[in-house]
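Enquirer: Sequence and predicted model, in that order:
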Amino acid sequence: MANRTITIMGIFVADLTFRTTHMPAWGETILGLGFKLGPGGKGSNQAVAAARLNGQVDFISKLGRDTFGDLAREIYRKEGIQTSFLLETDHHATGAASIVVDHVKGENAIIVFPGACSELTTTEVEQARELIAASSIFMTQLELPVPLVQYALEMAHQLGVPTILNPAPALPIPEELYALCDYMTPNETEASHLSGKRVTGPDDAELAADILLARGVRNVVITLGASGAFVKNANLTAHVPAFEAGAVLETTGAGDAFNGGLAVGLSEGMDLIEATRFGCGAAGISVTRNGTAPSMPTREEVEALLEKCVG
């Protein structure tokens with residue numbers, strides 16, 4: 001690896017989070033318990049997570065020239081995220097996400113519209129070739145168009161840069177894309193969708209992981225919520241438990257915290273189990289806080305949790 005830079009390609013959207021006692025039915029209007037506007041988008045959240053864990057992060061995306069875009073630029077400045085390839089457009093507004101959080105259960109339902117990010121092109125990604133070539137890790141998700149994701153993964157793969165695909169949201173992907181993934185990090189829903197096998201825990205996760213490995217993925221890490229993560233490759237099978245850092249307030253962003261932690265761990269030369277454990281620690285803290293990017297913990301917090309729980 002040339003250095004410790006983590007290059008992340010993904011979307012930024014403004015999160016409009018509503019807290020309520022229950023989900024409204026179609027045609028029903030209910031009063032909420034709270035509202036908050038903040039930064040979101042899986043790629044953006046993962047960039048913030050990795051940066052707070054002392055990762056050296058570059059973020060590839062596109063914003064509108066508007067208030068939501070200004071929100072993104074400000075948080076990247078504050079978090080120390082490099083933005084040489086954070087592009088702008090006048091044709092679309094910056095995207096947004098509607099997040100409804102069950103105040104009692106802490107569960108959520110999300111609608112995402114990528115907006116300006118959907119204008120990112122392969123030509124623009126090609127301009128970041130030198131950045132990607134000099135990276136220790138390249139990570140992306142499925143909130144951008146799948147052909148663009150495949151193009152970027154193929155570029156990183158050809159350059160010899162380890163790739164992480166967080167296949168979220170759950171979408172069909174071409175067979176040839178699997179072989180471009182050094183690491184694939186689905187949650188239970190996404191692993192079920194991709195493998196065709198229902199995943200509800202570690203035992204189910206192994207069967208799904210075997211299917212993904214057979215398609216060409218080199219390392220499968222399936223996140224299992226409160227059950228931690230399941231890891232498998234050609235030489236390793238392991239279940240990494242979750243870490244309890246306090247009462248669960250909101251699970252939104254936990255997967256992004258995990259992926260940011262995993263990427264940082266791998267960029268620093270941790271083995272897969274260590275990096276997965278580091279990601280689980282980041283996720284364990286994030287669920288004790290409200291919000292997405294604002295819930296991401298610092299390096300010191302994660303190390304303190306791991307020291308307490310692992311020793």
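Expert: Thanks, I have the structure now.
Enquirer: low pLDDT regions in the stretch 1-150 of the chain?
Expert: 1-2 (pLDDT under 70).
Enquirer: can you pull out the strands in it?
Expert: Counting by DSSP state E, counting those that start in this stretch, the stretch 1-150 of the chain has strands at residues 5-9, 13-20, 34-40, 56-64, 86-89, 94-102, 108-115, 137-141.
Enquirer: what helices or strands is the first one leaning on?
Expert: Read that as strand 5-9. Counting contacts by 3 or more CB pairs under 8 Å, 6 or more residues apart in numbering; DSSP states H and E, strand 5-9 packs against helix 42-52, strand 56-64, helix 129-133, strand 137-141, helix 254-267. From N, CA and C alone the C-beta is placed, and that goes for glycine too.
Enquirer: I'd like to know how far the most centrally placed residue in the chain sits from Val287.
Expert: Closest to where the C-alpha atoms of the chain average out (CA atoms, centre = their mean) is Asp256, at 3.5 Å. Asp256 sits 12 Å away from Val287, going by CB to CB, to the nearest Å.
Enquirer: Okay, the residue lying closest to Val13 once chain neighbours are set aside and Phe113: tell me how far apart.
Expert: Among residues not flanking Val13 along the chain, Gly95 sits closest, at 3.9 Å (CB to CB, 6 or more residues apart in numbering). Counting by CB to CB, the gap from Gly95 to Phe113 is 5 Å.
Enquirer: Of these two, which one has the most company?
Expert: Of the pair Gly95 and Phe113, Gly95 is the one with more neighbours under other CB atoms under 10 Å, namely 26 against 15.
Enquirer: Test my guess that that one contacts Gly10.
Expert: No. Between Gly95 and Gly10 there is no contact under CB atoms under 8 Å: 11.1 Å.
Enquirer: list the residues that contact both of those two?
Expert: Gly41, Cys117 (CB atoms under 8 Å, 6 or more residues apart in numbering).
Enquirer: quick one, strands of the stretch 201-311 of the chain?
Expert: Using DSSP E, counting those that start in this stretch, strands in the stretch 201-311 of the chain cover 219-223, 229-233, 237-240.
Enquirer: ranking these by burial, who's on top?
Expert: With neighbours taken as mean count of other CB atoms under 10 Å, those reach their highest mean count in strand 219-223, at a mean of 27.
Enquirer: Put the alpha carbons of stretch 281-289 into CSV.
Expert: What follows is stretch 281-289, C-alpha atoms only, in CSV (Å, rounded to 0.1, in the frame of the first residue of the first chain):
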residue,chain,number,x,y,z
GLY,A,281,-16.6,-0.9,18.3
ALA,A,282,-17.4,2.1,16.2
ALA,A,283,-20.9,0.8,15.5
GLY,A,284,-21.5,0.0,19.1
ILE,A,285,-20.9,3.5,20.2
SER,A,286,-22.9,5.1,17.3
VAL,A,287,-26.1,3.4,18.2
THR,A,288,-26.1,5.1,21.6
ARG,A,289,-26.5,8.5,20.0
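Enquirer: Which residues does it contact?
Expert: So stretch 281-289 is contacted by 49, 53, 106, 223, 242-251, 253-258, 260-261, 295-297, 301-302, 305-306, 309 (CB under 8 Å, 6+ apart).
Enquirer: Now do the buried residues in it.
Expert: Gly281, Ala282, Ala283, Gly284, Ile285, Ser286, Val287, Arg289 (16 or more other CB atoms under 10 Å).
Enquirer: Keep only those of these that are in helices.
Expert: Among the buried residues of stretch 281-289, the ones falling in helices (DSSP state H) are Gly281, Ala282, Ala283, Gly284, Ile285, Ser286.
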